[in-house]
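Peer 1: Just a sequence and a predicted model for now, questions to come.
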Amino acid sequence: MDTEKHDEPKSKIDQLVSHIVRAVAKARIETESEIQGYRVSANEGYLEKIEQEMKPLLSPLLQSAMNSESLPDSYRDLLARLSEPENSWNPLLQIPAFIGALLAILPALGQVEVRQFVQDLNTENQNVPLSPADASDAVVRNLLSRDDAAGFAAQFGIPGDVFDVMIGLTGEPPGPMDMLSLWRRGVITQDFLEQAIRYSRVKNEYIPAILELAHSYMTPAEAIELAVKGIIPVEQAKEMFTIAGGIEGQFTMLYEASGNSIGAVEAMNLWNHGLLTEAQVDEVLGRSRINPIFYPIAKLQRHKWLQVFQIEAMIKAGIVKDDDAKRWLLEDGYPADQVDAFIHAGKASAVAKPKGETESMVLQQYSDLLLTETEAMDALKSIGYNTHVATVLLATEDAKRSHAQNGAAISKVRAAMLAGHITELQASSDLDALGVPAAARDQWLKAWVVEQGTQLKTFTMSQVGSFAKKGIISYTYAADKWRSMGYSDQDVLILRADYGDPTVATPIL
């Protein structure tokens, strides 16, 4: 039954479309002149064709309109009356009524229903080809072959040779600035660069201007810095500043504000020495990066305080009181316990030096046998050493003296044995007399015997020269001997000349 309900209005709509088209043709024939009538009659076939083409398009639309719940009842009745055969006698009135009804219906239908209707028609008629531009782009992107893409272009009347030109025009090169960078680095040639610019959207007449962009210019700040450092005159810097994009009226302000002043601490030192006035110090601070609200604090840097090492030196010298030194160190931020330790250490080191000097003098006199052990002990006790420490110091000094004496005696025994003045047996007896342990004695004797057997004497440089000069040896042999002693070839020539070698030309150097 639903089908019958839908078919009935559809039939009426078809009749309505037919009535409208035929009424238009009839009215034109009846109202125009005979010639116009013939013309309209000749077009009747064309109108009938329009009628056939309009039916598939308007019938579903009107049918949807009549069945739509959102359509007002007055419009629904109007469509029903227009589609009835008995109302076809007045087609001229039906035409504006029909058009008016359509215009009134479309907003009432809503965008959703109209859009869905159009989408359904597109779905049923999928026959839109790729545009020539999209087809050429697909070739460049390797999505379509040239021949397949040319088939799409042909449907728009684009011949193959024209489509090839479109392919050549498709795609963009890298940006001009990127290409300029490659050109500066020598990666591409100027011809390639200009070709790439032609492929961009830049007009060809602007290519020379684009090429100028490859060269960067100094910044306004750099132009000012050149003037500040005196590399170029101020007027030239002003011109370069403007070329670089700076505003001419700002140059003087920026130029005067550029550059750094001397440090605030250095300015305070000069102020202390009377080489700067306070006004000049204020000017130095004004050119610094110090905030003006801190200028009074910055000026406090002109005051100086003793350093820790200076306080320590005065403590050691005994020219400062403990309370003053303590106050100074506390004001410098040191904790109280560290201050006390520092002062005590300074005072102790002040006593330690003369005490050390006195100790060394006592031990030296004891070592030289100018003081007896008892006298040396009393002297050490008088400068603060207890008996135990004094005994250790004297015993150490005895050991040092004995070691020195034994070392000198052992060296004499070794030299006598190596020179052949005493035998190995005599050397062994002498070492025993010095109290050398047997193991050490035997080891030393073995070493001395080997040293005695391998000890060789060589002539001195002067002896070799004397021998050559007297004709005892040749100058060639003398030269070899000198080289073996470490003399260079140039020095050997000098020695040969000095000792009378007639074959050496002088001067050598």
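Peer 2: Here it is on my side, so go on.
Peer 1: Low-confidence ranges, this structure, go.
Peer 2: Low-confidence segments of the chain, defined by pLDDT under 70, span residues 1-119, 121-122, 125, 346-357, 455-456.
Peer 1: Show me the helices in the stretch 51-200 of the chain, by range?
Peer 2: For the stretch 51-200 of the chain, the helices identified by DSSP state H, counting those that start in this stretch occupy 73-82, 91-109, 111-124, 132-140, 146-154, 160-169, 176-184, 190-199, in order along the chain.
Peer 1: List the buried residues in the very next helix or strand once past the last one.
Peer 2: Read it as helix 190-199. Once helix 190-199 ends, the next helix or strand along the chain (criterion: DSSP states H and E) is helix 207-212. Neighbour counts over helix 207-212 (16 or more other Cβ atoms under 10 Å) mark 210, 211 as buried. In this view, the C-beta of every residue, glycine as well, is placed from N, C-alpha and C.
Peer 1: Please name every helix or strand in contact with the one helix or strand residue 446 maps to.
Peer 2: Applying DSSP H and E as the criterion places residue 446 in helix 438-454. For helix 438-454, the elements it packs on are helix 387-418, helix 424-433, judged by 3 or more Cβ pairs under 8 Å, 6 or more residues apart in numbering; DSSP states H and E.
Peer 1: distance between that helix and the chain's centre?
Peer 2: What separates the centre of helix 438-454 from the centre of its chain is 70 Å, taken as Cα atoms, centre = their mean, to the nearest Å.
Peer 1: Identify the residues contacting that helix?
Peer 2: Outside of helix 438-454, the residues that reach it under the criterion Cβ atoms under 8 Å, 6 or more residues apart in numbering are 410, 414, 417, 418, 420, 424, 427, 428, 431, 432, 436.
Peer 1: ditto for stretch 281-294
Peer 2: The contact list for stretch 281-294, computed with Cβ under 8 Å, 6+ apart, reads 259-264, 267-268, 271, 276, 295, 298-299.
Peer 1: related to what we said a few turns ago, now the contacts of helix 438-454: which count as buried?
Peer 2: In the contacts of helix 438-454, burial by neighbour count holds for 410, 414, 417, 427, 428, 431, 436, counting by 16+ other Cβ under 10 Å.
Peer 1: Identify, from the contacts of helix 438-454, the entry nearest to residue 388.
Peer 2: Closest approach between the contacts of helix 438-454 and residue 388, by Cβ to Cβ: residue 436, at 30.9 Å.
Peer 1: Isn't the closest one up against residue 413?
Peer 2: No: between residue 436 and residue 413 there is no contact under Cβ atoms under 8 Å: 9.4 Å.
Peer 1: Next one: residue 422 from residue 416, what distance?
Peer 2: With distances taken as Cβ to Cβ, to the nearest Å, residue 422 is found 5 Å from residue 416.
Peer 1: And the buried ones among the contacts of stretch 281-294, selectable in ChimeraX?
Peer 2: Burial among the contacts of stretch 281-294 is assessed by 16+ other Cβ under 10 Å; the matching ChimeraX selection reads:
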select :264,267,268,271,276,298,299
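Peer 1: CSV for the contacts of stretch 281-294, including secondary structure and distance to residue 286?
Peer 2: Compiled in CSV, these are given as follows (DSSP: H, G, I helix; E, B strand; the rest coil; distance: Cβ to Cβ, whole Å):
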residue, secondary structure, distance to residue 286
259, coil, 13
260, coil, 12
261, coil, 8
262, coil, 12
263, coil, 14
264, helix, 11
267, helix, 11
268, helix, 15
271, helix, 15
276, coil, 14
295, helix, 8
298, helix, 11
299, helix, 13
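Peer 1: I'd like to know how many residues surround the nearest residue to residue 144 once chain neighbours are set aside.
Peer 2: Taking Cβ to Cβ, 6 or more residues apart in numbering as the measure, residue 144 lies nearest to residue 138, with 4.1 Å between them; neighbours along the chain are not counted. Burial of residue 138, expressed as a neighbour count using other Cβ atoms under 10 Å, amounts to 19.
Peer 1: try the one 4 residues further on
Peer 2: Neighbours of residue 142 under the rule other Cβ under 10 Å: 7.
Peer 1: Can you give me the separation between it and residue 199?
Peer 2: Residue 142 sits 19 Å away from residue 199, going by Cβ to Cβ.
Peer 1: Equivalent analysis for residue 282, please.
Peer 2: 63 Å.
Peer 1: cool, residue 169 as well?
Peer 2: As defined by Cβ to Cβ, residue 169 lies at a distance of 8 Å from residue 199.
Peer 1: So for the two, which residue has more residues nearby?
Peer 2: Comparing residue 169 with residue 199 by other Cβ under 10 Å, the one with more neighbours is residue 199, at 14 against 11.
Peer 1: Tell me which residues touch that one, please.
Peer 2: If a contact means Cβ under 8 Å, 6+ apart, then residue 199 has 171, 172, 173 as its contacts.
Peer 1: burial count for residue 148?
Peer 2: Other residues close to residue 148 by other Cβ under 10 Å number 13.
Peer 1: cool, the one 3 residues further on as well?
Peer 2: Counted with other Cβ under 10 Å, residues neighbouring residue 151 total 15.
Peer 1: just residue 154 next, same as before
Peer 2: Residue neighbour count, defined by other Cβ under 10 Å, stands at 15 for residue 154.
Peer 1: now residue 198
Peer 2: 12.
Peer 1: Distance check, it against residue 173.
Peer 2: As for residue 198, its distance to residue 173 is 9 Å (criterion: Cβ to Cβ).
Peer 1: go on, residue 249?
Peer 2: 41 Å.
Peer 1: Comparing those two, which residue is more hemmed in?
Peer 2: When neighbours are counted by other Cβ under 10 Å, residue 249 and residue 173 differ, and residue 173 comes out ahead with 15 against 7.
Peer 1: Who are the contact partners of that one?
Peer 2: If you count contacts by Cβ under 8 Å, 6+ apart, residue 173 has them with 179, 196, 197, 199, 200.
Peer 1: Provide the secondary structure category for residue 215.
Peer 2: Here residue 215 is coil, with the state taken from DSSP: H, G, I helix; E, B strand; the rest coil.
Peer 1: Give the helix, strand or coil label for residue 385.
Peer 2: Going by three-state DSSP, the state assigned to residue 385 is coil.
Peer 1: Quick one: residues contacting it.
Peer 2: Counting by Cβ under 8 Å, 6+ apart, residue 385 touches 359, 393.
Peer 1: What's the separation between it and residue 344?
Peer 2: From residue 385 across to residue 344, the span is 20 Å (Cβ to Cβ).
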